[in-house]
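**Q** Requesting a structural model of the entry that follows:
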Amino acid sequence: MVEKKRDKPKAVIVLAMHGSPPLDFPKDEMAEFMGLHAQLGHISGPGAGAQKLRYGQLEAKMRTWPRTGQNDPFYAGSQELAKHLRQESGLEVIIGFNEFCAPTLDEALERAAAREAGKIVVLTPMMTRGGEHSAVDIPEAIRRAQQKFTTQKIIYAWPFATEDIARFLSAQVVRFL
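**A** Residues are numbered from 1 along each chain as shown. As a prediction, the model looks like this:
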């Protein structure tokens, strides 16, 4: 039996989503995590190592927390968006999250690179300029991935043209009038 050689995909989409904490995450750990999260850039001194370690532990627990439509509607919505994007584009879609959920954007980019596609297109539904995730965090993750996977082209399909956003939002208004 002759094994067929699999063609490499033309492109893979990495859908960069924000992420949201699960609603059923333990409240005391959520409060601790958010407090450490707010201090993260300012943690220093003798206890800094322990605080950063604890933050990492809580972040890992939160990111790997089991998700359902009930405990994380944003996660479920992200999965639904990926499904429709896959249907519309005909391309594989891999989701990565900036915060709170797994996989991370770095992990999603690694998975996309493993597909050995000609191009990796990173897309986010964060449409307007000025957001830290879309303007800073996502480009940094792309930069890290491009340094690691030098033979693959990674394209960030952002920012959106403001007039296209206005047209999209106007069509939504019309649907409800």
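
**Q** Give the residue spans of the chain that score low on pLDDT.
**A** Low-confidence segments of the chain (pLDDT under 70): 1-6, 41, 43.

**Q** What are the boundaries of the helices in it?
**A** 27-39, 48-63, 73-89, 105-114, 132, 138-148, 162-176 (DSSP state H).

**Q** Quick check: which of those helices is buried the most?
**A** By mean neighbour count, with neighbours taken as mean count of other C-beta atoms under 10 Å, helix 105-114 ranks first of the helices of the chain at a mean of 20. Heads up, the C-betas are built off the backbone N, CA and C, glycines and all.

**Q** which other helices and strands contact that helix?
**A** strand 11-17, strand 92-97, strand 119-123, helix 138-148 (3 or more C-beta pairs under 8 Å, 6 or more residues apart in numbering; DSSP states H and E).

**Q** And the contacts of that helix?
**A** 12, 14-16, 94-98, 103, 120, 122, 137-138, 141-142, 144-145, 148-149, 152, 154 (C-beta atoms under 8 Å, 6 or more residues apart in numbering).

**Q** Return a ChimeraX selection command for the buried portion of the residues you listed.
**A** In ChimeraX, this line selects whichever of the contacts of helix 105-114 come out buried by 16 or more other C-beta atoms under 10 Å:
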select :12,14,15,16,94,95,96,97,98,103,120,122,137,138,141,142,145,149,152,154
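
**Q** Need the helices and strands packed on helix 105-114 in JSON lines (columns: distance to Arg54).
**A** Shown next, in JSON lines, are the helices and strands packed on helix 105-114 (distance: least, C-beta to C-beta, whole Å):
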{"stretch": "strand 11-17", "distance to Arg54": "26"}
{"stretch": "strand 92-97", "distance to Arg54": "21"}
{"stretch": "strand 119-123", "distance to Arg54": "31"}
{"stretch": "helix 138-148", "distance to Arg54": "24"}
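
**Q** Select, out of those, the one closest to Met30.
**A** Closest of these to Met30 is strand 92-97, at 16.8 Å (criterion: C-beta to C-beta).

**Q** how much does that closest one deviate in direction from helix 138-148?
**A** Computed by axes from the mean of the first three to the mean of the last three C-alpha atoms, to 10 degrees, the angle separating strand 92-97 from helix 138-148 equals 120 degrees.
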